[in-house]
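S.K.: show me how the following folds:
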Amino acid sequence: MPSQGQLLHKAFEQANLPLTITATAREFAWGARDSTSFLMDIRNTKGLGKNEFKQKFVAYLGDGTDLQVTNVDPALHQLVLTVQEPVREIVTVRREWMMMERRYIEHTDRQWTTGNLHCHLVGVDEGHLFFCELPNVVSTVHQAHQLLRPKQLVNKPKTAFKRQGEWFLVPVPVSECAKIQEAATPVAPAPFEPWGRAVPNVQTHYRNTALGVHIGRGPGRGHVADEIVVYGGREFARGKLQHPDHVPRHLKDWHEVLRNQEKTSNVLKHTNWMD
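M.R.: Numbering: from 1, shown residues only. Alright, predicted model coming up:
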């Protein structure tokens, strides 16, 4: 009977996704030490061939973890992976160089798994690898895409919005553009009092900044827009939208910014955003 590792390799091969499974947690990452939990990361590779990814998935299966690939979409190079593992502690160690003392010190971070079933969408988006945790369990890649859509865009055609990574961009009706433009008034940076405490300054218009930062929903790895306006608790963007892993988007007019429904509450401390 094939092992979980063999079945996982086969599913990733069907999706044409590069995967390396490590035998130990320490092999996965120095700081993981003797962890028994499931671990997955995206690492850069040296593959420069025409059909080679410059990234790969690296996974440590853990001890007593139940992994199931419920669906593979070879055309999209994506799959749905469920992870079920017992409640246990995840201990990671990181080193920090102390310049003044000229030595390293170690920090230990501790978190616990929930014991719940977690569902992930794993694959390629615009040529770059990604994995994200879904808010609910689904069976297929198509269902995962629908679940990740913001509630405002459920059952909407793809022509109704643009997308860059986890961010959806919805054109603003002409009737609302004037109000947004009125809010887009440049504001000088907050002055500082003599003793160094910043004077509160209400600002609604920002340039060359990341989506989500000003409404508490980001940034992860920043998707930077030429202009952002926060109006009525909503965020709007205009101009060029850039991210190192995605094709630039050009927004001639104002677009409302909506983030997908990816679950982010269990992201480990001191890890990179997987986009």
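S.K.: what are the phi and psi angles of the nearest residue to residue 73 once chain neighbours are set aside?
M.R.: Counting by CB to CB, 6 or more residues apart in numbering, residue 141 is the residue found nearest to residue 73 once chain neighbours are left out, at 4.1 Å. Heads up, the C-betas are built off the backbone N, CA and C, glycines and all. In this entry, residue 141 is assigned phi and psi values of phi -60, psi -40 (degrees, to the nearest 10).
S.K.: surely residue 19 meets residue 9?
M.R.: Yes - counting by CB atoms under 8 Å, residue 9 is a contact partner of residue 19 at 6.1 Å.
S.K.: tell me where the stretch 101-250 of the chain has strands.
M.R.: Along the stretch 101-250 of the chain, counting by DSSP state E, counting those that start in this stretch, strands occupy 103-112, 117-125, 128-133, 162-164, 167-171, 205-210, 224-231, 234-243, 246-259.
S.K.: worst average pLDDT in these?
M.R.: Within the strands of the stretch 101-250 of the chain, confidence is poorest for strand 205-210, with a mean of 82 (mean pLDDT).
S.K.: strand partners of that strand, parallel vs antiparallel please.
M.R.: Note on strand 205-210: by DSSP bridges, its sheet partners are strand 224-231 (antiparallel).
S.K.: low-confidence ranges in this protein?
M.R.: Low-confidence segments of the chain, defined by pLDDT under 70, are located at 46-53, 185-203, 215-221, 265-275.
S.K.: show me where it has helices.
M.R.: Assigned by DSSP state H, the helices in the chain fall at 4-14, 25-28, 141-148, 174-183.
S.K.: now those helices in TSV, with distance to residue 44 and mean neighbour count?
M.R.: Putting those into TSV (distance: least, CB to CB, whole Å; neighbours: other CB atoms under 10 Å) gives the following:
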stretch	distance to residue 44	mean neighbour count
helix 4-14	18	16
helix 25-28	15	18
helix 141-148	25	18
helix 174-183	39	13
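S.K.: got the domain boundaries for this structure?
M.R.: 4-149, 159-259 (automatic domain parsing).
S.K.: what's the offset of the last one from the middle of its chain?
M.R.: If I follow you right, that is domain 159-259. Using CA atoms, centre = their mean, to the nearest Å, the mean C-alpha position of domain 159-259 is found 18 Å from that of the whole chain.
S.K.: count of residues packed around the closest residue to residue 89 other than its chain neighbours?
M.R.: Nearest residue to residue 89 in three dimensions, chain neighbours excluded: residue 112, at 5.5 Å (CB to CB, 6+ apart). The burial metric for residue 112, expressed as a neighbour count using other CB atoms under 10 Å, is 11.
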